[in-house]
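A.B. asks: fold the stuff below for me.
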Amino acid sequence: MSGVFVTATGTDIGKTFVTAALIRHLRGIGSLVHAIKPVVTGFDEADWATSDPAVLLQALGHPVDLKEIARISPWRLAAPLSPDMAARREARTIAFAHLIDFCRDTLRKRPGLVLIEGIGGIMVPLDEHRTVLDWMSALRLPVLIVTGTYVGTISHTLTALEVLARRNLVIAAVVVNESERSAASLEETLSSIAPFADCIELVGIPRLADTGSGHPAWGRIAAAIGCG
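C.D. replies: Model (predicted):
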């Protein structure tokens with residue numbers, strides 16, 4: 001049993017894209033891999049086929065239907081808001097203990113590597129008292145941070161590195177997923193982050209290049225999480 005927690009510096013940065021591509025790469029090299037995205041907001045019951053859990057199931061080669069989505073994403077909320085706000089709109093709560101138990105149970109039962117995709121950024125609230133950071137801290141898994149090249153990304157990324165270090169969490173790698181219409185280039189962003197990343201693996205994903213499962217970036221990420 002082993003696991004990696006995939007988080008990001010914000011929303012719509014590319015966590016699911018990175019997680020799915022990494023799944024396809026790992027399957028391509030013969031590694032056993034599973035993935036869950038326990039908490040999903042903005043989930044449309046009428047359009048589940050395009051949801052993030054559906055993307056992960058496709059990458060895993062599993063059937064894509066609501067039953068399978070429920071298996072990997074038990075907490076599905078309609079409003080495209082932070083989990084605490086989305087849950088309040090439905091008069092629901094995300095029981096933190098149940099969330100941790102679900103993740104640990106999956107880690108215990110699944111052979112090979114389990115990728116746990118978070119939601120939003122590292123400080124997104126899950127309820128009135130806990131954030132995604134608390135979720136990661138409870139699981140104590142290596143963390144894969146996904147960031148972009150958008151304006152503000154340097155501050156967001158360095159803040160994430162600092163906060164995770166303060167919780168004594170192991171950062172397996174930082175993946176810079178090139179943002180659309182970015183003012184800074186991927187190379188400039190990598191160069192700005194690198195002096196502050198110490199020995200952490202820093203991997204750039206170019207937006208317009210062929211970034212399929214055979215792209216060398218995925219091999220570097222796989223090696224960083226111990227699957228190379």
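A.B. asks: what's across from G204 in the sheet?
C.D. replies: G204 has these beta-bridge partners by DSSP bridges: V176.
A.B. asks: how many residues are close by it?
C.D. replies: When neighbours are counted by other Cβ atoms under 10 Å, G204 registers 19. Using the backbone N, CA and C atoms, a C-beta is placed for each residue, glycine as well.
A.B. asks: how close does it sit to V6?
C.D. replies: Per Cβ to Cβ, to the nearest Å, G204 is found 17 Å from V6.
A.B. asks: can you check D52 too?
C.D. replies: Distance from D52 to V6, by Cβ to Cβ: 11 Å.
A.B. asks: helix/strand/coil for P111?
C.D. replies: coil (DSSP: H, G, I helix; E, B strand; the rest coil).
A.B. asks: so it is in contact with G3, correct?
C.D. replies: No - counting by Cβ atoms under 8 Å, P111 stays clear of G3, with 11.8 Å between them.
A.B. asks: for the chain, what spans make up the helices?
C.D. replies: 15-28, 52-60, 66-72, 83-89, 96-109, 132-139, 153-166, 186-193, 216-224 (DSSP state H).
A.B. asks: I200 is nearest to which of these?
C.D. replies: helix 153-166 (7.5 Å; Cβ to Cβ).
A.B. asks: contacts for that closest one?
C.D. replies: Here helix 153-166 makes contact (Cβ atoms under 8 Å, 6 or more residues apart in numbering) with 7, 9-10, 121-123, 133, 136, 143, 145, 147, 171, 174, 176, 179, 184, 189, 192-193, 196-197, 200.
A.B. asks: for the closest residue to R110 other than its chain neighbours, give its distance to A97.
C.D. replies: Excluding the flanking residues, the one nearest R110 by Cβ to Cβ, 6 or more residues apart in numbering is H34, at 4.5 Å. As for H34, its distance to A97 is 22 Å (criterion: Cβ to Cβ).
A.B. asks: with L115 instead?
C.D. replies: For L115 relative to A97 (Cβ to Cβ), the value is 22 Å.
A.B. asks: E162 too?
C.D. replies: Between E162 and A97 the computed distance is 28 Å (Cβ to Cβ).
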